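**Student:** missing the sequence, but the structure's below:
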């Protein structure tokens, strides 16, 4: 999912925050759905190599429970209202903040990080201190020298994009980045 498309989706979601919600639903091992009140739902797809986030009007089948251990963790820990969403620059990373959950057992605020970075995509649940509680895909040092993604470790973001943000760039900045370059390089530069 490209950063500009993600920014558009998140901008639409921000207008609804803070949002009450219903219980998580899961439409298979790679889909988590958060029904929002009064309508719509946040859909998170972590099937590689095309992870994505959508805000849709439709709901998943009711009663669809967790399929994976991470989904069970998400249902147990991300129980509060959706209170914030961020995207660093135009990176393909969305951060969803959940307030404290109330109910039979109170839950601490958590943050769900959706890394929509193609074949390296992941969903990662963090506590309020930024420590990893769980991940859809755990990554060890043997797989990635830059960072590990395992419970108990501090979260480290993927390397940021080094592209020009076209939303803030003036004509001169765009000309200087694109001068002498082929059109097919546009997505790598802007």
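**Tutor:** Perfect, I can see it now. All values derive from a computational prediction rather than experimental measurement.

**Student:** centre of the chain to the lengthiest helix in the chain, how far?
**Tutor:** Scanning the chain for the longest helix, with DSSP state H as the assignment, gives helix 3-14. With C-alpha atoms, centre = their mean, to the nearest Å as the basis, helix 3-14 stands 11 Å off its chain's centre.

**Student:** following it, which helix or strand comes up?
**Tutor:** Toward the C-terminus, helix 3-14 is succeeded by strand 25-26 as the next helix or strand (DSSP states H and E).

**Student:** tell me the mean pLDDT for the very next helix or strand once past that next one?
**Tutor:** Downstream of strand 25-26, the first helix or strand assigned by DSSP H and E is strand 31-35. Strand 31-35 carries an average pLDDT of 93.

**Student:** tell me the bridge partners for the spatially most central residue of the chain.
**Tutor:** Centroid check for the chain by C-alpha atoms, centre = their mean gives residue 114 as the closest residue, at 2.2 Å. With DSSP bridges as the criterion, residue 114 is bridged to residue 94, residue 123.

**Student:** picking that back up, residues contacting the longest helix of the chain, please?
**Tutor:** Contacts to helix 3-14, defined as C-beta atoms under 8 Å, 6 or more residues apart in numbering, come from residues 42, 53-55, 85-87, 89-92, 94, 116, 161, 163, 166-167. C-beta: built from backbone N, CA, C; applies to glycine.

**Student:** give me the buried subset of those.
**Tutor:** 42, 53, 85, 87, 90, 91, 92, 94, 116, 161 (16 or more other C-beta atoms under 10 Å).

**Student:** closest to residue 110 among these?
**Tutor:** residue 85 (13.5 Å; C-beta to C-beta).

**Student:** shouldn't that closest one be in contact with residue 17?
**Tutor:** Yes. Judged on C-beta atoms under 8 Å, residue 85 makes contact with residue 17 at a distance of 6.8 Å.

**Student:** what ranges do the helices span in this structure?
**Tutor:** With DSSP H as the criterion, the chain has helices spanning 3-14, 69-77, 171-178, 186-189.

**Student:** single out the most deeply packed of the ones you listed.
**Tutor:** Ranked by mean neighbour count, the helices of the chain are led by helix 69-77 with a mean of 18 (mean count of other C-beta atoms under 10 Å).

**Student:** centre of the chain to that one, how far?
**Tutor:** The answer for helix 69-77 is 15 Å, by C-alpha atoms, centre = their mean.

**Student:** which other residues reach it?
**Tutor:** 23-24, 26, 29, 32, 65-66, 101, 107-108, 110, 112, 123, 125, 133-136.

**Student:** quick one: buried ones out of the residues you listed?
**Tutor:** 24, 26, 32, 66, 101, 107, 110, 112, 123, 125, 133-136.

**Student:** can you list those in JSON lines and add distance to residue 183?
**Tutor:** Formatted as JSON lines, the buried ones among the contacts of helix 69-77 follow (distance: C-beta to C-beta, whole Å):
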{"residue": "24", "distance to residue 183": "42"}
{"residue": "26", "distance to residue 183": "41"}
{"residue": "32", "distance to residue 183": "37"}
{"residue": "66", "distance to residue 183": "45"}
{"residue": "101", "distance to residue 183": "49"}
{"residue": "107", "distance to residue 183": "49"}
{"residue": "110", "distance to residue 183": "43"}
{"residue": "112", "distance to residue 183": "36"}
{"residue": "123", "distance to residue 183": "34"}
{"residue": "125", "distance to residue 183": "40"}
{"residue": "133", "distance to residue 183": "44"}
{"residue": "134", "distance to residue 183": "42"}
{"residue": "135", "distance to residue 183": "38"}
{"residue": "136", "distance to residue 183": "36"}
